[in-house]
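Trainee: the following block contains a protein sequence and its predicted model.
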Amino acid sequence: NYRRYVLLNPPPSLVNLSITIGISFLIGIIYMAIAVGLNSNPSNNISEIYIGKLCWFSRSVIHYFLTIPICIFLLTSIILIIWVAKRMIVHANEAESAESIYKRRKYCVIVVLISCVTQGLGWLFGPLILITDPKVGEVLGWFFVIFNGL
C-alpha cells in the first residue's frame, strides 16, 4: 500500500528541484533584505532588543512580519492538500475492481484527513506561543513544530 501512494507522484527532476529551491531561497533573501532595510532606521521601531535574549518584532509591526508569512504558508498548505487529494482520488478511481476502489478511496480520505488535522492542530498552537509566558510558549512551540512536521 505504501509504495502505491509513494509512487503516485514521481520524484521531481534535479533541475526542477534546484529551480524550486532557488526560488524559495530568493523569496527568503528578498523578504529578509526588506526587513533588514526597514530595521536599519531606528525611528521605524520595528524590533525590540532585550539584553541577553533574542531580538523580536515590536507589537505594532508583528502582523507584517508574522501574519503575512503564516498566511502564505497556510495558503500553500491548502493548495498542496487539495492537489494531493485530487491526485489520490484519481489514483483510487483507476483500480481494477470495485472493492479495491472502495479500499483506495478509504485510504485516500484517511490520509487527507490526518494531514488536515495535524496541520490544523499545529496552527492552533502557533498564535498561543506569543500570548503565554516563555516556558509555556516554548512547549507550545514544540507542539507547533511537531504537528506541522506530521
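Mentor: Yep, it's here. Since the model is a prediction, treat every value here as computed from it, not as a measurement.
Trainee: tell me the pLDDT at L26?
Mentor: In this model, L26 is scored at 91, pLDDT.
Trainee: number of nearby residues for it?
Mentor: L26 is flanked by 10 other residues according to other CB atoms under 10 Å. Where C-beta positions appear, they are placed from N, C-alpha and C, glycine not excepted.
Trainee: show me what contacts it?
Mentor: For L26, the contact set (CB atoms under 8 Å, 6 or more residues apart in numbering) is empty.
Trainee: so it versus R105, what's the distance?
Mentor: 40 Å (CB to CB, to the nearest Å).
Trainee: could you point out where the chain is predicted with low confidence?
Mentor: Scanning the chain with the threshold set as pLDDT under 70 gives 1-12, 48-50, 52-57, 95, 125-132, 147-150.
Trainee: one more pass at 80, please.
Mentor: 1-12, 31, 35-36, 38-70, 73-74, 77, 81, 84-85, 87-150 (pLDDT under 80).
Trainee: what are the boundaries of the strands in it?
Mentor: Counting by DSSP state E, the chain has these strands, from start to end: 47-48, 56-57.
Trainee: give me the neighbour count for V61.
Mentor: Neighbours of V61 (other CB under 10 Å): 16.
Trainee: next up, phi/psi of it, please.
Mentor: Note on V61: its backbone torsions stand at phi -120, psi 0 [degrees, to the nearest 10].
Trainee: is it true that it touches I46?
Mentor: Yes. With contact defined as CB atoms under 8 Å, V61 reaches I46; the gap is 5.1 Å.
Trainee: gap between S24 and I51?
Mentor: S24 is 34 Å from I51, by CB to CB.
Trainee: of the two, which one has the most company?
Mentor: Higher neighbour count among S24 and I51: S24, with 10 against 4, using other CB under 10 Å.
Trainee: where is the longest helix in this structure?
Mentor: Identified as the longest helix of the chain according to DSSP state H is helix 98-125.
Trainee: what's it packed up against?
Mentor: helix 2-6, helix 68-93, helix 134-149 (3 or more CB pairs under 8 Å, 6 or more residues apart in numbering; DSSP states H and E).
Trainee: got the angle between that helix and helix 134-149?
Mentor: 160 degrees (axes from the mean of the first three to the mean of the last three CA atoms, to 10 degrees).
Trainee: got the helices and strands packed on helix 98-125 as JSON lines, with mean neighbour count and distance to N16 columns?
Mentor: As requested, the helices and strands packed on helix 98-125 are exported to JSON lines (neighbours: other CB atoms under 10 Å; distance: least, CB to CB, whole Å):
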{"stretch": "helix 2-6", "mean neighbour count": "11", "distance to N16": "18"}
{"stretch": "helix 68-93", "mean neighbour count": "13", "distance to N16": "15"}
{"stretch": "helix 134-149", "mean neighbour count": "14", "distance to N16": "24"}
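Trainee: alright, I will stop here.
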